[in-house]
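Asker: I need the structure of the sequence given here:
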Amino acid sequence: MRVRKIQIKTWKTRPAYYVILEILNKKGDLTDAELFDQLKREFDDLGYKDFNELLLRLEVGGKINTVSLTRGKRRIELIQNP
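Answerer: Prediction:
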C-alpha cells in the first residue's frame, strides 16, 4: 500500500499588496522586475498577471506611482502621504 503525501496550502498572514508596500517602503523605488522578484520570494505561486493587477489596484488607490522607463520596463514608486 502506497501512502500519498498531501501538500497543504496555508493562508498567508499578510496580503500581497501589503507586502508590496512594505518592500517599497524598505527598499525605495524599484523596477517592476526587481519588485516582482522580491515578491516572488514570499508568494511563490504568484504570476506576473496577478502582480500587474496588484500594481493597478495600488496605483488607482493612490498608494504607488508607475513610471515607464524603456519598452516593457517600469519604475514603481511609493507615494508618501504627508
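Asker: what ranges do the strands span in the chain?
Answerer: Applying DSSP state E to the chain gives strands spanning 30-31, 64-70, 73-78.
Asker: What pairs with the shortest one, parallel or antiparallel?
Answerer: The partner list of strand 30-31 in its sheet, established with DSSP bridges, is strand 73-78 (antiparallel).
Asker: which residues touch the partner strand?
Answerer: Residues outside strand 73-78 that contact it (CB atoms under 8 Å, 6 or more residues apart in numbering): 21, 24-25, 28-33, 35, 55, 63-69. To be clear about C-beta, it is placed using only N, CA and C from the backbone, and glycine gets the same treatment.
Asker: repeat that for 7 Å
Answerer: If you take CB atoms under 7 Å, 6 or more residues apart in numbering as the criterion, strand 73-78 is touched by 21, 24-25, 29-32, 35, 55, 64-69.
Asker: Farthest pair within those?
Answerer: Using CB to CB, the contacts of strand 73-78 span at most 22.5 Å, a distance reached by Asn25 and Ser68.
Asker: if we can go back for a sec, including distance to Asp44, could the strands of the chain go into TSV?
Answerer: Below are the strands of the chain laid out as TSV (distance: least, CB to CB, whole Å):
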stretch	distance to Asp44
strand 30-31	19
strand 64-70	23
strand 73-78	20
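Asker: In CSV: the ones you listed, plus mean pLDDT, mean neighbour count and distance to Ala16.
Answerer: Listed next are the strands of the chain as CSV, based on pLDDT from 0 to 100; neighbours: other CB atoms under 10 Å; distance: least, CB to CB, whole Å:
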stretch, mean pLDDT, mean neighbour count, distance to Ala16
strand 30-31, 94, 16, 15
strand 64-70, 90, 13, 13
strand 73-78, 93, 17, 14
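Asker: for the protein, what spans make up the helices?
Answerer: For the chain, helices defined by DSSP state H occupy the ranges 16-27, 32-42, 48-60.
Asker: Nearest to Gln80, out of those helices?
Answerer: helix 16-27 (9.2 Å).
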